[in-house]
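**Q** build me a structure from this.
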Amino acid sequence: MVSISLLVVSVYIVGLLGIGVYFYVTSETERISDFMLGGRNVGVAQIAISDASSLQSGFVLLAWVGVGYTTGLSGLWYAVPITFVHLFVYRFIGSKFRRQSEELDSQTVLDHLSLYFQHDRLSSWIRTMGVLAIAIFMTVYIGAQIIAVGETVNTLYGVNYNIGIVIGGALVLAYVLLGGFDASVWTDFVQGLLAIVAVVVLPIIMIMHIGGFSAFITKAQAIDPTLVSANPGLGLSEFLLFALTWYGFALGLLGQPHGLMRLQAINSERNISAASVTAVTWMTISFIGPLFIGVAGRIIFGDVSNPETVGLVAMQGMFPDVIGGILVAGILGVILSTTDSMMLVVSADFTSYYRNVLNPGVSEKTLIYLGRVVVTVVAAVGVTLAYVNSSTIFAVIQFAYMGLAAAFGIPLVATLWWDKTTSEAVFATILIGIMSTVANKLLFPDYFPIFSLMTTVATMIVVGYLSHENGVLSISSTSNREVNAND
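**A** All right, here's what the predicted structure looks like:
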């Protein structure tokens, strides 16, 4: 059984590499924007599925299943608000961000923030501080995805975990190096379609195996009534903190560079609305289905050593060999898709830093070469982090996810919609975003990410008011608001 499933997965992986080879051979990647953003000419369907797929990763298909297994359907306190946050991103950020990005020729969120204030003396400092945030949070995020690959191949095929993480890093490196953003988007598209099938079909099959939905509810309540309750057994004050924590976590979607990069790459801002329908629908399904997989897994399998792998075990035992292999390929593919998207962001931000701060005269060809070197280094660092990690996938992703939100999400929203946003405010927000995320996680983990978000928002508001125009901290030259004025 395993050998047939492994064969199917192997064929699928060869297909992924084939996509990378195709774009390497056929694409004229002569500009860094072509390598990083596909020439800003990617279609609606590819962007929508790729966006949702790159944001899901090992978090939804492993970590979120583990949340369902341990705490039950109360995870809907995150699943519901993140759907509305995703809709907000497309409705109120997408078009304006896409338009400004093309006018500024920005490749990533960090590049955008720095170029928006390119005539201010803090522009290079924004880029420098932002690169530090990317180096910390994005590489940790990449490590979490490679952990997910190692757990997947170890659970399903008995492959040594350390070998699995090396395989995962090598695979993602291969097709990112070959095709850049085009390869990433198309592999995300294919994998996203398979993952949709997995998160829809698997919970249905598991609930049918239990005896239907009524039996599912009855048996879950017999194990722990809170598994199918909106309240995981908490008192009023504890429950409010629980809900507030999940709502804060949902806001983290505002600052994920690898997802926002898709909005920069779509072929027209007029198509963002159409893309939102598919992307938001997929987001909703992908955060509800895994919770049911987790609860059903607790009913079927009882106590397990690693709740995050319950879905993988169910796939292996409940589907015919070939179908199980295809679904596993979808899960493995979505994990890899997030990793390659993140690698592209890290590569883009480091190459932009090199071009704008260290060597302004560098050629486009050299930047593409440098970008591929950075991708290689990041893959190695990600594998290393996966090797030394002792935390759950959920814990690692939670830290990285909210760090990116604090450092980039709040400055981006403010830059687009708040006329008192200054370079001083953006720089301070990125700095405080890094510091507050680390401090909140280490010193007040029970209140993560509430403190870090509140501190970062307060920093943006206070510094923005103090440094705007005649504020007491105003030191900027006249900021380049031409782009903003045109919106």
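
**Q** which residues touch the helix or strand hosting residue 130?
**A** According to DSSP states H and E, residue 130 maps onto helix 123-133. In this structure, residues lying in contact with helix 123-133 by Cβ atoms under 8 Å, 6 or more residues apart in numbering are 110-111, 113-115, 117, 349-350, 352-353, 356-357, 403-404, 407-408, 423, 426-427, 430-431, 433-434. Any C-beta I mention is one placed from the backbone N, CA and C, and that applies to glycine too.

**Q** got the buried residues for the helix or strand that comes right after that helix?
**A** Helices and strands here follow DSSP H and E; after helix 123-133, the next one along the chain is helix 139-157. Neighbour-count burial for helix 139-157, counted by 16 or more other Cβ atoms under 10 Å, picks out 139-156.

**Q** residue 284 - how many residues pack around it?
**A** Neighbourhood size, residue 284 [other Cβ atoms under 10 Å]: 18.

**Q** hmm, it is touching residue 81, no?
**A** No: contact criterion Cβ atoms under 8 Å: residue 284 and residue 81 do not qualify, at 11.3 Å.

**Q** low-confidence regions, the stretch 301-450 of the chain specifically.
**A** Counting by pLDDT under 70, the stretch 301-450 of the chain shows no low-confidence range.

**Q** actually the stretch 151-300 of the chain, not the one I wrote
**A** In the stretch 151-300 of the chain, residues with pLDDT under 70: 175-176, 178-190, 267.

**Q** list the buried ones in the host helix or strand of residue 398?
**A** Using DSSP H and E, residue 398 maps to helix 393-404. For helix 393-404, a neighbour-count test (16+ other Cβ under 10 Å) marks 393, 394, 396, 397, 398, 399, 400, 401, 402, 403, 404 as buried.

**Q** for the stretch 101-250 of the chain, what spans make up the helices?
**A** Ranges of helices within the stretch 101-250 of the chain are 109-116, 123-133, 139-157, 161-210, 213-223, 236-251, based on DSSP state H, counting those that start in this stretch.

**Q** for residue 363, which of these is the nearest?
**A** The closest of the helices of the stretch 101-250 of the chain to residue 363 is helix 161-210. By Cβ to Cβ, the value is 16.9 Å.

**Q** ok, residue 14 to residue 7 distance?
**A** 11 Å (Cβ to Cβ, to the nearest Å).

**Q** who has more neighbours out of these two?
**A** residue 7 (13 against 9).

**Q** does that one touch residue 326 like I think?
**A** No: counting by Cβ under 8 Å, residue 7 stays clear of residue 326, with 11.3 Å between them.

**Q** quick one: contacts for residue 67?
**A** Per Cβ under 8 Å, 6+ apart, neighbours of residue 67: 75, 290, 291, 294, 394.

**Q** would you mind getting the angle between the one helix or strand it maps to and helix 393-404?
**A** Per DSSP H and E, residue 67 falls inside helix 64-71. Angle, helix 64-71 to helix 393-404, by axes from the mean of the first three to the mean of the last three Cα atoms, to 10 degrees: 110 degrees.

**Q** got the CA coordinates for helix 64-71 in PDB?
**A** The C-alpha trace of helix 64-71 is given here as PDB (Å, rounded to 0.1, in the frame of the first residue of the first chain):
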ATOM      1  CA  TRP A  64      -4.800  23.200  12.400                       C
ATOM      2  CA  VAL A  65      -5.800  19.500  12.400                       C
ATOM      3  CA  GLY A  66      -3.900  19.300  15.700                       C
ATOM      4  CA  VAL A  67      -5.900  22.200  17.000                       C
ATOM      5  CA  GLY A  68      -9.100  20.400  16.100                       C
ATOM      6  CA  TYR A  69      -7.900  17.300  17.800                       C
ATOM      7  CA  THR A  70      -7.000  19.000  21.100                       C
ATOM      8  CA  THR A  71      -9.500  21.800  21.400                       C
END
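
**Q** helix 236-251 and that one, what's the angle between them?
**A** 180 degrees.

**Q** the helix holding residue 398 packs against which elements?
**A** On a contact count with 3 or more Cβ pairs under 8 Å, 6 or more residues apart in numbering; DSSP states H and E, helix 393-404 meets helix 44-58, helix 64-71, helix 139-157, helix 236-251, helix 423-443, helix 450-467.

**Q** apart from its chain neighbours, what residue comes closest to residue 411?
**A** In space, residue 411 comes closest to residue 426 once its chain neighbours are excluded; the distance is 4.5 Å by Cβ to Cβ, 6 or more residues apart in numbering.

**Q** now swap in residue 146 and tell me
**A** Using Cβ to Cβ, 6+ apart, the nearest residue to residue 146 is residue 386, at 4.1 Å.
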